[in-house]
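*Asks:* Model the structure of this input:
(one chain, ligands or ions: 1)
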Amino acid sequence: MTVHQKPVDRRILDLKDPSLLVSQAYVAGEWISAPDGKTIAVTDPFDGALLAEVPDLGPEVVRRAIDKAYEVQKEWAARIAKERSQILKRWYDLIIANADDLALILTTEQGKPLAEAKGEVLSNAAYIEWFAEEAKRIYGDIIPPARGDQRIVVLKQPVGVCAAITPWNFPNGMITRKAGPALAAGCTMVLKPAAQTPLSAFALAVLAERAGVPKGAFSVVTGDAAPIGKEFCHNPKIAKITFTGSTNVGRWLMKEAGDSIKRLSLELGGNAPFIVFDDADLDAAIEGAMMSKFRNAGQTCVCANRIYVQDTVADAFVEKLTVKVQGLKLGRGTDAGVTQGPLIDDRAVTKMEEHVADALAKGGKLVVGGKRSGLGGTFFEPTVITGVQQSMKVAKEETFAPLAPIIRFKDEAEVIAMANDTEFGLAAYFYARDMSRVWRVAEALESGMVGVNTGLLANEMAPFGGVKQSGMGREGSKYGIEGFLEIKYVCLSGI
Ligand code: NAD
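*Replies:* Numbering: from 1, shown residues only. Got it, this is the predicted structure:
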């Protein structure tokens, strides 16, 4: 296979519905280009082919989107819940009906295998369906009063206009998880998707418009991240920012939005431990590790970053894992049988190289992989390194690439101490069969989510989110809508 060194032009995809491939931003219900004609190039990470040039919008256009979102929010919130619910359900149905096209757009701008892209589209559309239902179940409270002539009533009301910022690793799913609950709650939203993957966001907006989401209730803006982020943080019409991305950007947003005490929910980076105890079903653990570590080429916030294996089963685990890793097929996401696509960009490859070099320099042993793939571009061989220590970069930082570092441990106390020795706390996984151990370890791990005997845990029915520096707030489940609601206490007196 040849990987093109120079970007080629590939602006047409073989879509069933070509109108889903849009390169204009969706601002206040209009599809627009930047007033000054400035654009940002969107390329295929497989070969650098140019896919589209999308608007590079300045803060004044973003302000227009916010103004309109502010204007329509009260009208949207005033609709009865069932009506909002029906519109969201229509959006969900349209996403499902167009899942093949959405997956193709996603794979082409992001690189992941097509089957994974379709899985992302379908499993995350489910958040819109779920919150379409939850829209009808936003209940308040009536509380026994302190005086006989009073009644205490608690209302739940939408927070208002929400700004959403999403990353490139799940270009479709990270949007539906935010827009679903926000619109269900009666909020409106201005979204800034990642610069690398705006086409999935535009395609979702086309379908939102078709579903009947009112003009201006859901805008998608593209452009330089920092000025748009500043506008979101300082514009008084924005009530809440919901962000998924790196801990560094989350930290900056928190400081910046602090001036006006905006509501924030942050889904940030992770450093998930994946622990295999000696009583685990080893084959199930291998399957879970492959799913958790190598899905999306390791570019997943909840992916196993450090794999801890108990001494007595470590050799067998590494042997079996290596066989599976050698079976991964690298290539273009749209090609049949491909299980690992390219990394998103050169920066991602450089970070992986740094982590491999650091581990090997400090005594780690390379079992398989460890270098750029012969396919060129941003392909990197899936890698397994043993003899890893807590002090190495692979154990301390989020690698965000297809690298499985193996750390051996002796007992439960030691591995819990090592697993919790990080500022992150998003996901943790372990494989064990002893029930008392299962309870003890699940309770002891400092993370927002724990997968026991599974390497996959996200779904719309469960609360997704982190503790420590992995963020605050939850997406999915009955808790996922709370972040888009305010509590209002009404004291009825003189009864
Ligand atoms: P990133 O933080 O660089 O970018 C995320 C988004 O923030 C993008 O849209 C980017 O344009 C925007 N951004 C960057 N600087 C900004 C600024 N100054 N103001 C406003 N917006 C700004 O992260 P990334 O590399 O795109 O994504 C990978 C990271 O996201 C990883 O750390 C991963 O763990 C994390 N992530 C977390 C979750 C979760 O649910 N916890 C899910 C997916 C990804």
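*Asks:* does the nearest residue to residue 27 once chain neighbours are set aside sit in a helix, a strand or a coil?
*Replies:* Closest residue in space to residue 27, ignoring its immediate chain neighbours: residue 65 at 4.7 Å, by CB to CB, 6 or more residues apart in numbering. Every C-beta, even on glycine, is put in place using the N, C-alpha and C of the backbone. The three-state assignment at residue 65 reads helix, by DSSP: H, G, I helix; E, B strand; the rest coil.
*Asks:* contacting residues around residue 65?
*Replies:* By CB atoms under 8 Å, 6 or more residues apart in numbering, residue 65 lies in contact with 27-28, 190, 216, 219, 221.
*Asks:* just the helices in the chain please.
*Replies:* Secondary structure of the chain, counting by DSSP state H: helices at 59-78, 81-97, 99-110, 114-134, 173-185, 198-211, 225-234, 247-258, 282-294, 311-326, 346-361, 393-396, 412-419, 435-444.
*Asks:* So which of those is nearest residue 471?
*Replies:* Nearest of the helices of the chain to residue 471, taken as CB to CB: helix 247-258 at 6.4 Å.
*Asks:* would you put the C-alpha positions of that closest one in PDB?
*Replies:* The C-alpha trace of helix 247-258 is given here as PDB (Å, rounded to 0.1, in the frame of the first residue of the first chain):
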ATOM      1  CA  THR A 247      -7.000  18.000  31.500                       C
ATOM      2  CA  ASN A 248      -4.800  21.000  30.600                       C
ATOM      3  CA  VAL A 249      -7.500  22.700  28.500                       C
ATOM      4  CA  GLY A 250     -10.100  21.800  31.100                       C
ATOM      5  CA  ARG A 251      -8.000  23.500  33.800                       C
ATOM      6  CA  TRP A 252      -7.700  26.600  31.600                       C
ATOM      7  CA  LEU A 253     -11.500  26.700  31.000                       C
ATOM      8  CA  MET A 254     -12.100  26.400  34.700                       C
ATOM      9  CA  LYS A 255      -9.900  29.300  35.600                       C
ATOM     10  CA  GLU A 256     -11.200  31.400  32.700                       C
ATOM     11  CA  ALA A 257     -14.900  30.700  33.400                       C
ATOM     12  CA  GLY A 258     -14.400  31.300  37.100                       C
END
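*Asks:* Report the central residue of this protein.
*Replies:* With distances taken as CA atoms, centre = their mean, the chain has residue 174 as the residue nearest its mean C-alpha position (4.5 Å).
*Asks:* What sits closest to that one if chain neighbours are left out?
*Replies:* Beyond its immediate neighbours in the sequence, the residue positioned closest to residue 174 (CB to CB, 6+ apart) is residue 166, lying 4.1 Å away.
*Asks:* Could you dump the helices of the chain into TSV and include mean pLDDT and distance to residue 471?
*Replies:* Conversion of these to TSV gives the following (pLDDT from 0 to 100; distance: least, CB to CB, whole Å):
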stretch	mean pLDDT	distance to residue 471
helix 59-78	98	24
helix 81-97	98	25
helix 99-110	98	22
helix 114-134	98	17
helix 173-185	98	13
helix 198-211	98	21
helix 225-234	98	16
helix 247-258	98	6
helix 282-294	98	19
helix 311-326	98	30
helix 346-361	98	21
helix 393-396	98	19
helix 412-419	98	18
helix 435-444	98	20
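*Asks:* quick one, which of those helices is nearest to the ligand?
*Replies:* Shortest distance between the ligand and the helices of the chain, using CB to the nearest ligand atom, is found for helix 225-234: 2.3 Å.
*Asks:* That closest one near the ligand at all?
*Replies:* Yes - contact check for helix 225-234 against the ligand, using CB under 6 Å from any ligand atom: residues in range are 225-226, 229.
*Asks:* next one: stretch 303-310
*Replies:* No - under the criterion of CB under 6 Å from any ligand atom, stretch 303-310 makes no contact with the ligand; the nearest approach is 8.4 Å.
*Asks:* In PDB, list the C-alpha atoms belonging to that stretch.
*Replies:* As requested, the backbone C-alpha atoms of stretch 303-310 are provided in PDB (Å, rounded to 0.1, in the frame of the first residue of the first chain):
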ATOM      1  CA  CYS A 303      -8.500   3.100  27.600                       C
ATOM      2  CA  ALA A 304      -6.200   1.000  29.700                       C
ATOM      3  CA  ASN A 305      -3.100   3.000  30.000                       C
ATOM      4  CA  ARG A 306      -1.200   0.700  32.500                       C
ATOM      5  CA  ILE A 307      -1.700  -3.000  32.600                       C
ATOM      6  CA  TYR A 308      -0.900  -4.600  36.000                       C
ATOM      7  CA  VAL A 309      -0.700  -8.400  36.100                       C
ATOM      8  CA  GLN A 310      -0.100 -10.600  39.200                       C
END
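*Asks:* I'd like the average pLDDT over it.
*Replies:* Along stretch 303-310, the predicted local confidence has a mean pLDDT of 98.
*Asks:* on that earlier part again, how much space between the residue nearest to residue 27 and residue 463?
*Replies:* Taking CB to CB, to the nearest Å as the measure, residue 65 and residue 463 are separated by 30 Å.
*Asks:* Kindly report the same for residue 256.
*Replies:* Where residue 463 is concerned, residue 256 sits at a distance of 27 Å (CB to CB).
*Asks:* Can you lay out the residues of helix 225-234 next to the ligand as TSV showing neighbour count?
*Replies:* Rendered in TSV, the data for these read as follows (neighbours: other CB atoms under 10 Å):
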residue	neighbour count
225	14
226	11
229	22
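*Asks:* Please identify which of the residues you listed is nearest to residue 114.
*Replies:* Distance from residue 114 was checked for each of the residues of helix 225-234 next to the ligand by CB to CB. The minimum falls on residue 225, at 28.1 Å.
*Asks:* quick one, what contacts the closest one?
*Replies:* Taking CB under 8 Å, 6+ apart, we find residue 225 in contact with 165, 192, 195, 249.
*Asks:* Show the overlap between those and what lies near the ligand.
*Replies:* Cross-checking the contacts of residue 225 against the ligand (CB under 6 Å from any ligand atom) gives 165, 192, 195, 249 as the overlapping residues.
*Asks:* Just want the residue of the stretch 301-450 of the chain that's nearest the ligand.
*Replies:* Using CB to the nearest ligand atom, the point where the stretch 301-450 of the chain gets nearest to the ligand is residue 301, with a distance of 3.1 Å.
*Asks:* Please give me every residue in contact with the nearest residue to that residue once chain neighbours are set aside.
*Replies:* Excluding the flanking residues, the one nearest residue 301 by CB to CB, 6+ apart is residue 270, at 4.9 Å. The contact partners of residue 270, by CB under 8 Å, 6+ apart, come to 301-303, 305, 398, 424-427, 466, 470.
*Asks:* Try it again at 10 Å.
*Replies:* Applying CB atoms under 10 Å, 6 or more residues apart in numbering, one finds that residue 270 lies in contact with 247, 300-305, 398, 400, 422, 424-428, 447-449, 466, 468-471.
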